Every structure is written in structure tokens, then in C-alpha cells.
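**Q** this one's sequence-less:
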Ligand code: LRH
């Protein structure tokens with residue numbers, strides 16, 4: 001039996017999960033979980049990346065004997081380094097609003113049609129390309145590492161840029177899996193800041209002795225974009241499926257062999273993220289559970305389950321556009337939802353349960369639209385929708401999604417990113433072969449929701 005640690009950093013919390021792999025089976029156990037609390041200082045929203053790193057190390061020290069470590073996290077964000085490899089400033093949170101002027105500048109420097117044709121990445125104000133245009137520190141830096149690569153660098157002393165996450169920068173060409181010189185030149189971004197590209201499964205290096213692990217443990221590059229790892233762990237039986245990687249975001253789409261770079265696809269704001277094994281994740285970002293999380297934060301909710309039950313018992317009423325960037329930044333989510341309902345002439349949800357109901361119905365509709373658009377724009381038939389990640393535990397959302405899509409939803413695994421992370425390590429270490437989804441199907445339980453008609 002071999003033991004692999006998945007470090008999985010989400011926008012709301014991080015965890016270290018150990019996967020025990022033996023004879024084509026994998027058993028996960030969580031050894032450490034910690035909150036990820038962004039810090040606003042001087043008007044800018046930062047990640048507490050050193051705090052996160054400390055938690056990662058604490059988790060690894062608790063994990064027992066290991067045969068490998070892999071790190072995945074949310075996409076797009078990075079740390080800048082000086083010539084000695086020291087961190088220059090604190091990484092900025094993708095929900096910070098500093099990119100607005102840079103986006104305007106970038107849109108003039110490079111037509112969005114050209115940008116999309118070159119990278120296939122949807123427009124998001126937080127794309128790394130725009131962040132680097134906005135980042136005055138970038139001129140002082142000699143290096144840049146995306147968040148999981150930064151953690152990997154601190155663990156091993158070895159720098160590299162894992163390709164699934166690199167694709168989310170909107171600076172990479174998904175066909176060649178190399179940086180797009182056209183985009184970098186037009187935007188004045190130096191892609192040479194990033195360390196050399198590496199593929200999931202590559203060995204990064206051994207954990208440095210200073211970390212204090214009892215043995216030498218290799219750190220592997222995995223699908224370091226959490227969504228890439230999550231999609232590895234979708235228990236699909238064949239190619240005719242859609243997935244919703246449902247956590248802070250709902251990432252809704254299909255898996256393809258090659259990108260869809262058409263104007264129609266750009267207009268629909270679909271993205272082509274590079275996945276593990278040369279796949280393409282063709283998907284749309286939907287706001288996801290963030291809408292609920294921010295409401296609960298505002299209300300100081302103590303019993304979320306009770307509120308969810310109350311919401312489920314209400315009739316559907318108003319809905320908002322769950323892809324609208326007006327919901328991106330933190331703060332007064334119930335107020336913003338009420339304003340959106342009022343602007344569209346709908347009943348404004350008054351009670352907390354009514355707001356939750358509105359969020360659930362809005363997410364289910366956005367899931368439906370994204371599944372339908374993904375199928376239409378890619379030509380891929382969809383027979384089933386897999387919901388993976390924390391959202392798989394939200395029974396009400398899963399049922400409403402099945403109803404809206406008119407398709408069965410199969411929910412689970414919950415810790416999909418950690419599982420995909422572990423499986424890519426296990427394969428690189430030679431403990432499992434070929435079909436990783438077969439292992440997922442054989443070892444993970446899913447809950448099936450049939451669509452209700454009428
Ligand atoms: C989800 C995620 C998503 C990105 C966003 C920034 O955690 O990685 O795929 O679009 O964070």
C-alpha cells in the first residue's frame with residue numbers, strides 16, 4: 001500500500017488529505033483542514049499565503065509516512081519573486097477589484113476576439129494576464145509562480161509552472177501548450193517570469209529537510225488547478241457527460257480532446273482550460289456556492305442546514321443571473337441579490353429562506369444553461385450531469401439541477417480535487433495504470449437524482 005498526500009487549497013478552506021492506494025483501490029482520509037481567510041489591507045484584498053503554507057506543513061507533518069505529495073489550488077493567482085527567489089509582496093486575491101483599468105487597457109491593446117482565438121480562455125477580470133498588466137510590482141520581479149507552484153517551490157526549492165493552471169492565465173495557447181507570444185507581446189506581459197512549464201505527473205523534487213518530514217518524499221506536479229484535478233475524479237462511464245465542479249464556483253461544462261475557439265463560443269463566454277492528459281475542459285464559470293457563503297457570512301448563520309430545508313419548502317420565485325460579475329466581489333450579497341431582483345421587476349426575496357431559495361434556483365438555471373450551451377457549442381451529447389466537490393452534498397441544489405437540466409445528476413465524490421490529485425500521483429509513481437476514472441467508479445459512492453417532471 002502506498003500513501004499520497006493531496007494538498008488542496010480552496011478559496012474558503014484548505015485541506016491535507018491522504019489517499020491510500022492499493023490494488024486499484026483508493027481510500028481518502030482527511031488529516032488537516034483549515035480556513036482560508038483573505039486579508040484586506042491598504043484597500044487591497046490579499047491571500048495570507050504564508051499562513052496557508054504553515055497550515056500545509058502542519059498537515060504534512062501529521063500525515064504519517066508518505067510516498068508522494070501533490071498540491072492543487074484555485075487558479076489564476078500568483079506570487080512574484082525577486083532574483084533570490086524571495087516572495088515580493090503578498091499575492092493578491094482574484095476577487096480584488098484592482099484590474100478594472102488594466103482590463104480596459106488590455107482590451108484596446110489586444111482585441112478580445114484575437115485574445116480568445118489565441119488562448120481560448122473566457123473573459124474574466126481576474127485572468128492572470130489582466131492581473132499582470134495591473135500589477136506594478138511585476139516590473140520589479142524576476143520570477144512569478146502560480147499559487148500551487150509557489151507552495152511546491154517552498155516545499156522543494158524547485159520552481160516550475162504546471163500546465164493545467166498555466167492555461168488559466170489567458171497567456172497559454174491550448175493547441176501548442178506553450179505561451180502565446182502574440183498575447184504576451186500585445187499586452188506587454190513577460191511570460192519569461194514564469195518558470196519552465198511542466199506536465200501533471202512530473203516529479204518536482206524531494207521535500208526539503210528543513211520541513212521536518214521523517215523521510216524523503218517526492219513532490220509531484222498534479223493537475224494543480226483544482227478544477228483540473230476535480231475533473232480527473234469525475235466517475236463518468238463514457239464520454240457523454242457534463243460535469244459541475246461545484247464549490248465556491250460552479251465550473252460547468254464538458255471534457256473535449258481539442259479546444260473550441262469559435263466566435264460563438266467566445267460570445268457565450270466559454271473557456272478552454274487545459275486538463276490532465278491533454279484534455280480540454282470546455283466550461284463556463286457560474287458563481288457557485290459563493291453566493292450562499294457570502295449570504296451566510298453577512299447573516300452570521302448558525303444553522304445552514306435548517307435554512308436550506310426552509311428554502312427547499314418554499315415555491316420558486318425570483319432568479320438572478322448567477323454568472324453576473326456584479327456578484328464577484330465580497331460584501332452584502334443579500335443586498336446585491338435583492339437589487340438584481342428589483343431591477344428585473346421580480347418579487348424581492350424578503351426572508352433569509354427566500355434569498356437562499358432564489359440563489360438555489362438561480363444556480364440550477366445557470367447550470368442548465370451552461371450544460372445546454374456546452375453541448376450545443378461543442379457538439380458533445382450529454383446523457384448525465386456529474387456534480388463533484390462540496391456542492392455534491394447540497395441535496396436541494398442537486399435535485400433542482402437535475403430538474404432544470406432534465407437530466408439525471410450523479411453527485412459525488414465530494415473531495416474530487418483531492419482524489420484527482422492523489423490519482424495522478426499514484427499513476428506517476430506506477431501504483432495504478434491507465435483508466436483513473438475506473439478507480440473512481442469502483443471506489444466512490446455517488447447519489448443519483450432523477451429529474452422530476454411537471
Ligand atoms: C475554482 C477555481 C476556478 C477558477 C477560479 C479562480 O477554485 O480554480 O476554476 O476559475 O477558482
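**A** Happy to help now that I have it. Bear in mind the structure is a predicted one, so any value in this text is a computation, not a measurement.

**Q** can you pull out the strands in the stretch 251-400 of the chain?
**A** All strands of the stretch 251-400 of the chain, identified by DSSP state E, counting those that start in this stretch, fall at 271-274, 280-286, 384-388.

**Q** likewise the stretch 1-150 of the chain?
**A** Under DSSP E, counting those that start in this stretch, the stretch 1-150 of the chain gives strands at 2-9, 13-22, 25-35, 39-41, 44-46, 68-73, 78-81, 87-88, 143-146.

**Q** Nearest to the ligand, out of the ones you listed?
**A** Across the strands of the stretch 1-150 of the chain, the minimum distance to the ligand, taken as CB to the nearest ligand atom, is reached by strand 68-73, at 7.4 Å. Any C-beta I mention is one placed from the backbone N, CA and C, and that applies to glycine too.

**Q** Contacts (any at all) between the ligand and the closest one?
**A** No - under the criterion of CB under 6 Å from any ligand atom, the ligand is not reached by strand 68-73; the shortest gap measures 7.4 Å.

**Q** Quick check, pLDDT for the most centrally placed residue in the chain.
**A** The chain has residue 227 as the residue nearest its centroid, 4.1 Å off, counting by CA atoms, centre = their mean. Note on residue 227: pLDDT of 98.

**Q** wait, it sits on residue 281?
**A** Yes - assessed by CB atoms under 8 Å, residue 227 is found in contact with residue 281 at 6.6 Å.

**Q** who's in contact with residue 432?
**A** Contacts for residue 432 (CB atoms under 8 Å, 6 or more residues apart in numbering) come out as 21, 24, 26, 423, 426, 439.

**Q** Spatially nearest residue to residue 440 (excluding sequence neighbours)?
**A** Once flanking residues are discounted, residue 440 sits nearest to residue 235: 4.5 Å by CB to CB, 6 or more residues apart in numbering.

**Q** How many neighbouring residues does the one you found have?
**A** 22 (other CB atoms under 10 Å).

**Q** State whether residue 437 is indeed within a helix.
**A** Yes - if the criterion is DSSP: H, G, I helix; E, B strand; the rest coil, then residue 437 is within a helix.

**Q** How much space separates whatever residue of the stretch 151-300 of the chain ends up closest to the ligand from residue 136?
**A** Residue of the stretch 151-300 of the chain nearest the ligand, by CB to the nearest ligand atom: residue 227 (3.8 Å). Residue 227 sits 29 Å away from residue 136, taking CB to CB, to the nearest Å as the criterion.

**Q** In contact with the residue of the stretch 151-300 of the chain closest to the ligand: list those residues for me.
**A** With contact set as CB under 8 Å, 6+ apart, residue 227 has these partners: 75, 245, 251, 273, 281, 283, 417.

**Q** Mean pLDDT and mean neighbour count for the strands of the stretch 251-400 of the chain - can I get that in CSV?
**A** Shown next, in CSV, are those (pLDDT from 0 to 100; neighbours: other CB atoms under 10 Å):
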stretch, mean pLDDT, mean neighbour count
strand 271-274, 98, 27
strand 280-286, 98, 24
strand 384-388, 98, 26
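
**Q** For those strands, give me a markdown table that also has distance to the ligand.
**A** Output for those, formatted as a markdown table (distance: least, CB to the nearest ligand atom, whole Å):
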| stretch | distance to the ligand |
| --- | --- |
| strand 271-274 | 7 |
| strand 280-286 | 5 |
| strand 384-388 | 12 |
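
**Q** out of the ones you listed, which comes closest to residue 43?
**A** Among these, strand 280-286 comes nearest to residue 43, with 25.3 Å by CB to CB.

**Q** name the element the residue of the stretch 351-454 of the chain found nearest the ligand belongs to?
**A** As assessed by CB to the nearest ligand atom, the ligand sits closest to residue 417 within the stretch 351-454 of the chain, at 8.2 Å. Using DSSP states H and E, residue 417 maps to helix 416-428.

**Q** one step back: residues bridging contact with residue 227 and residue 281, i.e. touching both?
**A** Counting by CB under 8 Å, 6+ apart, the residues touching both residue 227 and residue 281 are 251, 273.

**Q** how about the longest helix along the chain against the ligand, any contact?
**A** The helix that spans the most residues within the chain, counting by DSSP state H, is helix 352-378. No - Helix 352-378 lies apart from the ligand when judged by CB under 6 Å from any ligand atom; the minimum separation is 13.2 Å.
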